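Trainee: give me a 3D structure for the following:
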Amino acid sequence: MPPRRPAPLFTPQAVRKGVWFPLLLSFMLLLAVPGMIFLALSLLGKETAVNGWMREHLGLSYHIPIPWWAGLILLLTPFLILLLYFLKMKRKPLQVPSTFLWKKSIEDLHVNSLFQWMRDNVLLLMQLLIVLLLIYGVMAFQVYAGQGTGRHYILLVDNSASMSIADAEDGATRLEAAKKAALHEIGAHGDGDVGMVIEFNSNASIRQPYTIDRDKLRRAVENIEPTQRATHIEEALNLADSLANPLRSTDDMAVRPDNADPTKARSYVPTEGVAAEVHLFSDGRFPDVAGFAAGSLDINYHRIGAADDSDNVGIVALNARRDDKGTSNLQVFVRVLNFRNTDVQTQVKLDEMDWKDGELKVVDSHIKPLSLKALTVGAVDADKKETSTRTPGEGSLTFALNNIDDGSNRVLHAILIDLKDAFPLDNDAWLVVGVVRKARVLIVTDGNEILHDFFDLDATQKVAIVSYITSADLKDQAKYLRPARAGAFDLVIFDRCAPENEEATPLANAYYIDDVPPPWKRGDMPELKEAQIRNSTSKHPLMAHLTGLDEIAFSDAFRFELDPDKNPNVPARVPKLMETERAGAVLFALPRRSFTDLVQTFPLVNAKGQWTSNWNLKLSFPLFLRNVLYQLGNVSDAAAEENLQPGQIKTLRPDVIVKDGDPADAGVKEIKVWDAAKKVSHTVQPGASKDFLYKDTEDIGVYLATWEGGRRGFAVNLLDADESDIRPRDEVKIGDQVLASGPTRGQPSDLWPWAALAALVLLVVEWALYHFRVFG
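Mentor: Next up is the predicted model:
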């Protein structure tokens with residue numbers, strides 16, 4: 001008998017026997033694999049990388065908005081459903097109304113092997129299909145439009161000190177509320193909209209440039225951290241304005257002729273501003289911005305913080321000055337403002353502290369009571385459209401301290417004690433007193449009694465370390481070249497001489513008397529025949545408090561061409577301190593990188609030592625030399641170090657005495673700065689100008705800079721009345737616009753979670769009802 005041919009697999013009879021079911025089940029399981037892979041990648045933290053690849057190659061992205069544990073349950077659900085069908089269950093058939101739908105399924109639940117249950121089970125397919133749809137639904141796939149097809153929007157998020165106040169909903173800080181509102185704004189925009197994130201405080205920075213990737217925008221907002229800085233919005237607005245209102249079209253330079261006359265500037269392609277929505281999330285604690293033109297910017301202000309919050313008392317000023325009765329006596333002034341609606345009785349404690357083994361130790365304390373009136377609110381002028389004025393209660397105290405010499409580095413700590421308010425950051429302030437920073441001055445001269453008369457005075461010696469060399473020493477490595485190039489001096493005075501070339505110029509400010517800095521040569525300068533000074537005063541800091549300049553007479557001067565068109569090495573707009581009749585100058589300041597070269601084109605004495613000017617007989621001359629010493633020599637003889645606010649750069653100029661013949665002592669190689677608040681140390685290297693710039697001043701407190709042979713402390717404080725007035729502003733003024741706080745845009749709600757949840761609930765209820773009726 002010939003062998004029987006096998007029956008075709010896909011005949012109607014075979015399909016009726018259930019072949020369709022395992023094929024369809026296999027297809028559904030395979031279809032579930034990508035969804036489970038995406039879900040697993042999200043649980044493993046790979047969602048961002050996968051989205052980047054998908055967006056670049058497929059124009060797709062996904063986002064799973066449920067917690068990790070919910071995603072894990074969803075990932076395991078298909079396997080749990082399959083597991084249920086492997087279980088051996090004893091049941092008796094019972095006809096109830098709800099079993100008509102599941103009758104076929106009841107028969108298939110009697111499973112004893114892996115393949116017996118693989119028959120046409122509708123219930124299994126329904127459950128897997130619903131779970132499959134739920135997995136893909138939760139993944140919220142998005143199809144991206146082309147680049148730049150939507151609207152532009154810019155998010156300005158304030159992360160200044162006052163944004164750390166916890167007066168938002170559910171006890172959240174203002175910054176947390178601002179970030180939440182910014183995230184809602186991102187969610188409210190479409191896939192084709194282009195967004196940018198800018199954070200601002202005393203400065204501004206772009207956290208995320210323009211992009212349509214909302215995941216990047218969300219991450220940029222979420223990564224914004226609180227700071228202790230003050231609030232200034234100008235830089236943030238300028239950043240937004242530079243992108244929305246460009247000064248020149250990008251196509252303008254492409255079509256500009258090569259032979260265009262630079263003196264007749266014109267635009268060949270008009271600028272095209274980019275209309276952009278600006279959403280400002282802030283408590284409004286910044287000064288009004290005058291003179292800002294919004295142009296293509298549509299600015300929307302979103303006030304953050306409780307409207308009636310004014311619970312704050314803060315220190316807004318702390319300074320000191322030497323008592324006239326003695327240099328060791330100090331008067332310390334503390335100014336406090338009360339922004340509460342009630343009077344305040346408090347006490348101010350002033351601790352005197354010294355450094356011991358790297359720690360600040362209290363050596364003495366002073367306490368004084370202080371009474372502060374309540375804040376008053378003025379009436380609103382409706383005609384002038386002015387908002388009400390707020391005048392805080394004010395109080396000041398003076399502390400008299402003794403036995404604090406001018407080099408002690410004593411630290412003062414002012415504290416408001418027995419006081420609790422919503423903004424404790426301004427309840428204390430720091431001050432480093434007793435600091436005198438001497439200028440390091442080198443005078444290169446072959447003899448000049450006028451300079452000696454001033455720089456050898458006892459008063460000058462208290463604020464300057466002065467050394468002398470001759471013009472012949474300018475080629476000496478030990479006496480000049482090495483220390484000058486190592487930044488060992490603050491000020492070098494060249495009297496009728498100059499360095500040989502630009503490589504020999506000092507890394508310091510310089511004052512050239514009857515000579516010029518390289519690359520110019522004194523021998524190339526023509527004689528100046530006009531010898532009359534036409535300005536009697538000058539507003540330049542080097543000429544502060546000087547009068548009667550037009551009475552100065554001199555001889556043997558030379559003429560220096562200050563016109564950049566005629567002298568290409570001269571920068572534009574050189575400050576002219578003493579001008580002559582022909583728009584020239586006999587005293588001017590040439591910039592050189594971060595330094596200043598002050599040039600005087602006439603001598604004070606000639607080669608025989610005879611006077612060539614009557615300026616040294618005028619009262620203005622010693623004042624001028626003092627200004628040169630203090631301004632170009634970086635002298636600090638105040639009773640206290642300058643006050644820094646968080647984020648400001650501190651310029652450190654250590655005192656170093658240059659020893660003749662020992663260039664190793666020509667300059668400090670590094671400075672270590674100790675942060676007393678964080679108890680960490682930072683090493684600072686000198687920059688190109690040999691100044692030490694310390695940038696990690698983010699925290700309020702005291703810092704101690706140390707170097708070989710010296711040390712100096714400095715303090716960082718808030719001391720900002722605008723920041724201490726913590727009540728959020730309902731209106732802010734930017735340019736000519738008065739912006740009232742508006743609501744955050746409503747975020748669109750996804751409907752798929754509710755539909756998926758309803759399907760799942762319906763399935764569970766039907767299953768539970770069936771089991772309840774079957775098994776009682």
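
Trainee: give the buried residues for stretch 175-193.
Mentor: For stretch 175-193, the neighbour count (16 or more other C-beta atoms under 10 Å) marks 175-183, 185-187, 189, 193 as buried. (Each C-beta comes from the backbone N, C-alpha and C, glycine too.)

Trainee: I figured E176 hits D167, correct?
Mentor: No - contact status for E176 versus D167: not in contact, 11.0 Å apart, counting by C-beta atoms under 8 Å.

Trainee: so where does Q345 fall, helix or strand?
Mentor: strand 344-356 (DSSP states H and E).

Trainee: and that strand, what does it pack onto?
Mentor: strand 330-338, strand 359-372, strand 393-401, strand 410-417 (3 or more C-beta pairs under 8 Å, 6 or more residues apart in numbering; DSSP states H and E).

Trainee: can you do 6 Å?
Mentor: strand 359-372, strand 410-417 (3 or more C-beta pairs under 6 Å, 6 or more residues apart in numbering; DSSP states H and E).

Trainee: highest mean neighbour count out of those?
Mentor: Of all the helices and strands packed on strand 344-356, strand 410-417 carries the top mean neighbour count, a mean of 21, counting by mean count of other C-beta atoms under 10 Å.

Trainee: give me the angle between the next helix or strand after it and strand 410-417.
Mentor: Next helix or strand after strand 410-417 toward the C-terminus (DSSP H and E): strand 428-433. For strand 428-433 against strand 410-417, the angle by axes from the mean of the first three to the mean of the last three C-alpha atoms, to 10 degrees is 160 degrees.

Trainee: roughly how far is the helix or strand following strand 428-433 from the heart of the chain?
Mentor: Where DSSP H and E defines the elements, the next helix or strand beyond strand 428-433 is strand 439-444. A distance of 37 Å separates the C-alpha centroid of strand 439-444 from that of its chain, computed with C-alpha atoms, centre = their mean, to the nearest Å.

Trainee: pLDDT averaged over stretch 45-62 - what is it?
Mentor: What stretch 45-62 shows for mean pLDDT is 74.

Trainee: and for stretch 408-419?
Mentor: 89.

Trainee: again with stretch 200-208
Mentor: 94.

Trainee: end-to-end on that stretch?
Mentor: 13 Å (C-alpha to C-alpha, to the nearest Å).

Trainee: if you count neighbours, what's buried in it?
Mentor: Under 16+ other C-beta under 10 Å, the buried positions of stretch 200-208 are F200, N201, S202, A204, I206, R207, Q208.

Trainee: run through the bridge partners of the last one.
Mentor: Q208 has these beta-bridge partners by DSSP bridges: V197.

Trainee: given the helix or strand where L577 lies, what are its sheet partners and their directions?
Mentor: Element membership of L577 [criterion: DSSP H and E] is strand 576-579. Taking DSSP bridges as the criterion, strand 576-579 forms sheet pairs with strand 585-592 (antiparallel).

Trainee: which residues are in contact with the partner strand?
Mentor: 557, 574-579, 596-602 (C-beta atoms under 6 Å, 6 or more residues apart in numbering).

Trainee: buried ones in it, by neighbour count?
Mentor: Counting neighbours by 16+ other C-beta under 10 Å, strand 585-592 gives A585, V586, L587, F588, A589, L590, R592 as buried.

Trainee: any idea what the third one is bridged to?
Mentor: Beta-bridge partners recorded for L587 (DSSP bridges): M578, Q600.

Trainee: now for this structure, the helix or strand with the poorest mean pLDDT.
Mentor: Across the helices and strands of the chain, mean confidence by mean pLDDT, DSSP states H and E is lowest for helix 252-255: a mean of 45.

Trainee: next SSE downstream of that one?
Mentor: Counting by DSSP H and E, what follows helix 252-255 is strand 276-282.

Trainee: that following strand: how far from the chain's middle?
Mentor: Here strand 276-282 is found 18 Å from its chain centre; the criterion is C-alpha atoms, centre = their mean.

Trainee: what lies in contact with the next helix or strand after it?
Mentor: Downstream of strand 276-282, the first helix or strand assigned by DSSP H and E is strand 297-303. Strand 297-303 is contacted from outside by 181, 244, 276-281, 728, 732, 739, 741-742, 744, using C-beta under 6 Å, 6+ apart.

Trainee: tell me the buried residues in strand 297-303?
Mentor: For strand 297-303, by 16+ other C-beta under 10 Å, it's L297, I299, N300, Y301, H302, R303.
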